[in-house]
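Participant: Dropping the sequence and predicted coords here.
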There are 2 protein chains.
Amino acid sequence: MSADNDQQAREQLIDLAAQFYDQFELGEIPHMSVPTRTKNNIEYDEDSHVWVYGDRESTRSANSVKGARKLLKAVYTIEFLAEQLDEDRSSTLRELYYLSESWDNNEAQFNDQDESNSMIEDLEIVSGVTREDFHMRPEESGATIMGPLHLREQTRRGEREIHCQKDVGEGGYQIPNNPDTIEFLDNDADFILAVETGGMRDRLVENGFDEEYNALIVHLKGQPARATRRIIKRLHDELDLPVTVFADGDPWSYRIYGSVAYGSIKSAHLSEYLATPEAQYIGIQPADIVEYELPTDPLSDSDINALESELEDPRFQTDYWEEQIELQLEIGKKSEQQSLAARGLDFVTDTYLPERLDEMGVL
Amino acid sequence: MSADNDQQAREQLIDLAAQFYDQFELGEIPHMSVPTRTKNNIEYDEDSHVWVYGDRESTRSANSVKGARKLLKAVYTIEFLAEQLDEDRSSTLRELYYLSESWDNNEAQFNDQDESNSMIEDLEIVSGVTREDFHMRPEESGATIMGPLHLREQTRRGEREIHCQKDVGEGGYQIPNNPDTIEFLDNDADFILAVETGGMRDRLVENGFDEEYNALIVHLKGQPARATRRIIKRLHDELDLPVTVFADGDPWSYRIYGSVAYGSIKSAHLSEYLATPEAQYIGIQPADIVEYELPTDPLSDSDINALESELEDPRFQTDYWEEQIELQLEIGKKSEQQSLAARGLDFVTDTYLPERLDEMGVL
């Protein structure tokens, strides 16, 4: 698959550069239009069940010096990416920024990393090719998987077949930067449990939850990397596994759930590639804080602001989330997932998760 | 080894509790003395070449309500830890804090996580047993290794034999929370290259640096976790491998080097367990910024303060560090490790690292 993808990505990039030539020939001022990436310009797509960009666009046009410089940078970046694909190399966003210092045209060099980052986003959106298919690696890698899954990873050094329980240490299988190099061989998994914190991930592994419940335990490590979201989506789509997200009971963790389920505003063009709209939130729910009398901390002002902003976010406008968020604002409290330890170290695996999975219809 | 260690750790804890009984019997007010954990109370140990605590002590004594409550908490914590070792369980610092809510004596419960964290530090210091041997897991796990090393990890689910190039994906081998469960089988490694950022770690792996130079590439992921520092120390001591640290050229990265080489002030009691005083700093050095004309950012006020405070830190009082830090204050600039990409994506592996390793006498 890799070589085909590379070829296709390369062609799409070159088509993009070719457009500028066509515009010149037609006597048009070269330009490129990209959707506006703001909260006001995302809308729910009924077919794919994810949030995508609306109709608003911004145009980079050579009718100003600033616009012309932007297009020049785009052309240099396209050339670099096409060469990178040709040579089967890869690089990070940060390397792209520094590399630009070696470009012969000073005007094409990036002034800061924000500029090169947003150039790559523009090119992703306009070409319809993901950053991974451009061979742009993220700065930080994905997290880990532990569970009954046997896979084959295509590495630069050949194929590796790995069982995510039998062939790994207690740390689990490290998800590579581009999980599309993975082929799923076979599995005994019943569902995916994506876990926010390392402490809770280790608790579940120590208690053998993956073995007893045939769960694939995916560590999110806070806000999940693209690689982590991508592999969750592929596990869901290709292996038909339900996805559950287990995080702290506070507004920042609901955003972590949101980034798994709905994608983020800055990457709405990738929702179909990264988001798993069928993902369900297992907890900690505000309702759990009340029901299980968990140890709590009071909501801070910034927590309250974040909850209120979630109430206005189209991605959280469901009966479920409105009820939970309003309950949380009412009780004025939040709880961490590890606060379940107040009921003993086995409460989470013996009682809490089985009860919630049953309620949600996953078990 | 594990069962023996557990038994020994358990005995040392119980001895500690027994001391209070002895003090009662002798008509003394129960008390416990621990070294003061501040910068003024660390000193260089000529024998072990690491920084250890000096003679200043603080005493927790039952001669006040506050002191008595502290000792009560210590006794409850000791009981919990002894039970945990007996059952071969483990837990995180955060779980300990929440668990204390289930203790029958309200006075023994912790008020916040800082309190339970520093209780575990006290017990580590006084008993001479490490947190890992108490089976207290860190919140976040260690990083990854890629290189010519074959090892055996003792997991709760049995032994796993893993080669850190042939049996892992591009993400590498995930270091477990307690690397003392690892036995090194055999290796073709010539040295260890501990790398600060994920982007650079991936660059080195993509360029095959571990294969070409027989390097064990250990990802530090910023400030390294205890597990990462521990495995570096064991690789150095047991396999006699030189350790080099490759980080950004700024004061925060020198602290990352410092935590590998000298240990941190808060864990000086563990220096012999975690620190590798022979570790050398490969770069980015202020001298490299000048020599290779790297892209730079200006030093911020907090960078300047951090550099000045390093000049006063006994751990950085060597000719090498004084020269480098003074040079950096003079040029007023810093560079990231990925800025080497301004010379091309292969410059780091073809030129920079081989030259530095040669200068340092590692190659």
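Facilitator: Ah, there it is.
Participant: which intervals of chain A have sub-threshold pLDDT?
Facilitator: For chain A, residues meeting the criterion pLDDT under 70 lie at A:1-3.
Participant: Who are the contact partners of residue A:109?
Facilitator: A:73, A:100-101, A:103 (Cβ atoms under 8 Å, 6 or more residues apart in numbering or on different chains). Any C-beta I mention is one placed from the backbone N, CA and C, and that applies to glycine too.
Participant: how long is stretch A:122-133 end to end?
Facilitator: Terminal residues of stretch A:122-133 lie 14 Å apart, using Cα to Cα, to the nearest Å.
Participant: right, I mislabeled it, should have said stretch A:259-271
Facilitator: By Cα to Cα, the extent of stretch A:259-271 from end to end equals 9 Å.
Participant: how near is residue A:209 to residue B:204?
Facilitator: 35 Å (Cβ to Cβ, to the nearest Å).
Participant: one step back: okay, the contacts of residue A:109 in a markdown table with secondary structure, neighbour count and distance to chain B next?
Facilitator: Putting these into a markdown table (DSSP: H, G, I helix; E, B strand; the rest coil; neighbours: other Cβ atoms under 10 Å in any protein chain shown; distance: Cβ to the nearest Cβ, whole Å) gives the following:
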| residue | secondary structure | neighbour count | distance to chain B |
| --- | --- | --- | --- |
| A:73 | helix | 23 | 16 |
| A:100 | helix | 24 | 8 |
| A:101 | helix | 16 | 4 |
| A:103 | coil | 17 | 10 |
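Participant: Quick check: the two most widely separated of those residues?
Facilitator: Farthest pair in those (Cβ to Cβ) is A:73 and A:101. Separation: 12.8 Å.
Participant: Next to chain B, which bits of the stretch 151-300 of chain A? Give me the list.
Facilitator: A:153, A:155-157, A:160, A:162, A:165-177, A:181-182, A:197-199, A:202-203, A:206, A:208, A:211, A:221, A:295 (Cβ under 8 Å from any Cβ of the partner chain).
Participant: show me where the stretch 101-250 of chain A has helices.
Facilitator: Secondary structure of the stretch 101-250 of chain A by DSSP state H, counting those that start in this stretch: the helices cover A:113-127, A:198-206, A:209-212, A:226-239.
Participant: pretty sure residue A:138 is touching residue A:176, no?
Facilitator: No - the pair residue A:138 / residue A:176 is not scored as a contact, 10.7 Å apart, by Cβ atoms under 8 Å.
Participant: out of those two, which sits in the busier spot?
Facilitator: With other Cβ atoms under 10 Å in any protein chain shown as the criterion, residue A:138 and residue A:176 differ in neighbour count, and residue A:176 comes out ahead with 24 against 18.
Participant: Please list all residues in contact with that one.
Facilitator: Residue A:176 sits next to A:141-142, A:153, A:155, A:182, A:227, B:169-171 when contact means Cβ under 8 Å, 6+ apart.
Participant: cool, and residue A:313?
Facilitator: Counting by Cβ under 8 Å, 6+ apart, residue A:313 makes contact with A:39, A:258.
Participant: Next one: it from residue B:175, what distance?
Facilitator: 38 Å.
Participant: same deal with residue A:325?
Facilitator: 38 Å.
Participant: again with residue A:178
Facilitator: 22 Å.
Participant: sorry, back to before: between residue A:325 and residue B:175, which one's more packed in?
Facilitator: A count of neighbours by other Cβ under 10 Å puts residue B:175 above the other of residue A:325 and residue B:175, at 25 against 19.
Participant: Skipping adjacent residues, who's closest to that one in space?
Facilitator: Once flanking residues are discounted, residue B:175 sits nearest to residue B:142: 3.3 Å by Cβ to Cβ, 6 or more residues apart in numbering or on different chains.
Participant: Only the buried residues of the helix or strand containing residue A:70, if you could.
Facilitator: Taking DSSP states H and E as the criterion, residue A:70 maps to helix A:65-86. Within helix A:65-86, the residues that qualify as buried are A:67-68, A:70-74, A:76-78, A:80-82, A:84-85, counting by 16 or more other Cβ atoms under 10 Å in any protein chain shown.
Participant: Show me the longest helix that occurs in chain A.
Facilitator: Identified as the longest helix of chain A according to DSSP state H is helix A:2-25.
Participant: what packs against the next helix or strand after that helix?
Facilitator: Sequence order places strand A:31-35 as the next helix or strand after helix A:2-25, per DSSP H and E. Applying 3 or more Cβ pairs under 8 Å, 6 or more residues apart in numbering or on different chains; DSSP states H and E, one finds that strand A:31-35 contacts helix A:2-25, strand A:57-61, helix A:65-86, helix A:113-127.
Participant: could you redo the last one with a cut-off of 7 Å?
Facilitator: Under the contact criterion of 3 or more Cβ pairs under 7 Å, 6 or more residues apart in numbering or on different chains; DSSP states H and E, strand A:31-35 touches strand A:57-61, helix A:113-127.
Participant: Tell me which of those sits nearest to chain B.
Facilitator: Nearest to chain B among those is helix A:113-127 (9.8 Å), distances taken as Cβ to the nearest Cβ.
Participant: got the angle between that closest one and strand A:31-35?
Facilitator: 90 degrees (axes from the mean of the first three to the mean of the last three Cα atoms, to 10 degrees).
Participant: Cross-check the contact I'm expecting between residue A:145 and residue A:172.
Facilitator: Yes - proximity of residue A:145 to residue A:172 meets the contact threshold set by Cβ atoms under 7 Å, at 5.7 Å.
Participant: what touches both of the two?
Facilitator: Residues touching both residue A:145 and residue A:172 by Cβ atoms under 7 Å, 6 or more residues apart in numbering or on different chains: residue A:164.
Participant: out of these two, which sits in the busier spot?
Facilitator: Neighbour tally, residue A:145 and residue A:172, criterion other Cβ under 10 Å: the higher count belongs to residue A:145, 27 against 24.
Participant: Return the residues in contact with the more buried one.
Facilitator: Counted by Cβ under 7 Å, 6+ apart, residue A:145 has contacts A:164, A:172-173, A:175, A:216, A:218.
Participant: Need the max-distance pair from those.
Facilitator: Checking the contacts of residue A:145 with Cβ to Cβ, the most distant pair is A:175 and A:216, at 11.5 Å.
Participant: Common neighbours of residue A:138 and residue A:176, please.
Facilitator: Contact with both residue A:138 and residue A:176 is made by residues residue A:227, according to Cβ under 7 Å, 6+ apart.
Participant: Any of the contacts of residue A:176 buried? List them.
Facilitator: For these, a burial check counting by 16+ other Cβ under 10 Å picks out A:141-142, A:153, A:182, A:227, B:169-171.
Participant: doesn't residue A:89 fall inside a helix?
Facilitator: No - Residue A:89 sits outside any helix when classified using DSSP: H, G, I helix; E, B strand; the rest coil, being coil.
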